[in-house]
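> Based on what follows, work out the 3D shape:
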Amino acid sequence: MHPPLDRPHPDCQREIDDLRHCHATTSKLKFWGCNEVKYALDRCFKEEKRRQREVIFKDAEAKRAAEERAYQAATGKQLTFEEYLKQDKDWNKAVEERRRREAEQN
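Sure, this is the predicted structure:
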């Protein structure tokens, strides 16, 4: 499956046009007739999604740090959540147990 082709995909328009042309000209009885064109479209969509995610998450670390500082200021706590987990004996015990089980399975 691919996303709807009626919304704009400027980087993939050539692949979309190729797929539509293939569907229009290839017999419906030929089940695999447009697979190569579809694979090219899938690769294009994958690259498009990777670029979109890159833009969306480019400032994620800075935003998370700002949220952490705001939380600390609001609650008066000086530890980050990660620092708290490092000090939590139960958490560390559970992490070690999980690692041990994973090592046994491999």
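> How far away from the center of its chain is the helix or strand bottoming out on mean pLDDT in the chain?
Every helix and strand of the chain was ranked by mean pLDDT, DSSP states H and E. The lowest is helix 81-87, at a mean of 84. Chain-centre distance of helix 81-87: 26 Å, with C-alpha atoms, centre = their mean, to the nearest Å.
> Show residues contacting stretch 43-62.
For stretch 43-62, the surrounding residues in contact (C-beta atoms under 8 Å, 6 or more residues apart in numbering) are 2-3, 9, 11-12, 15. Heads up, the C-betas are built off the backbone N, CA and C, glycines and all.
> Going by distance to Gln72, which of these wins?
Each of the contacts of stretch 43-62 was scored against Gln72 by C-beta to C-beta, and Pro3 proved nearest at 40.3 Å.
> Leaving out the residues flanking it, which one is nearest to the closest one?
Phe45 (6.5 Å; C-beta to C-beta, 6 or more residues apart in numbering).
> Can you show me the strands along the protein?
Counting by DSSP state E, no segments of the chain form strands.
> Check it for its longest helix and report it.
The helix spanning the most residues in the chain, taking DSSP state H as the definition, is helix 35-56.
> Buried ones in that one, by neighbour count?
Using 16 or more other C-beta atoms under 10 Å as the test for burial, helix 35-56 gives 37-38, 41, 44-45.
> Lys46 and Ile56, how far apart?
16 Å (C-beta to C-beta, to the nearest Å).
> No further questions, thank you.
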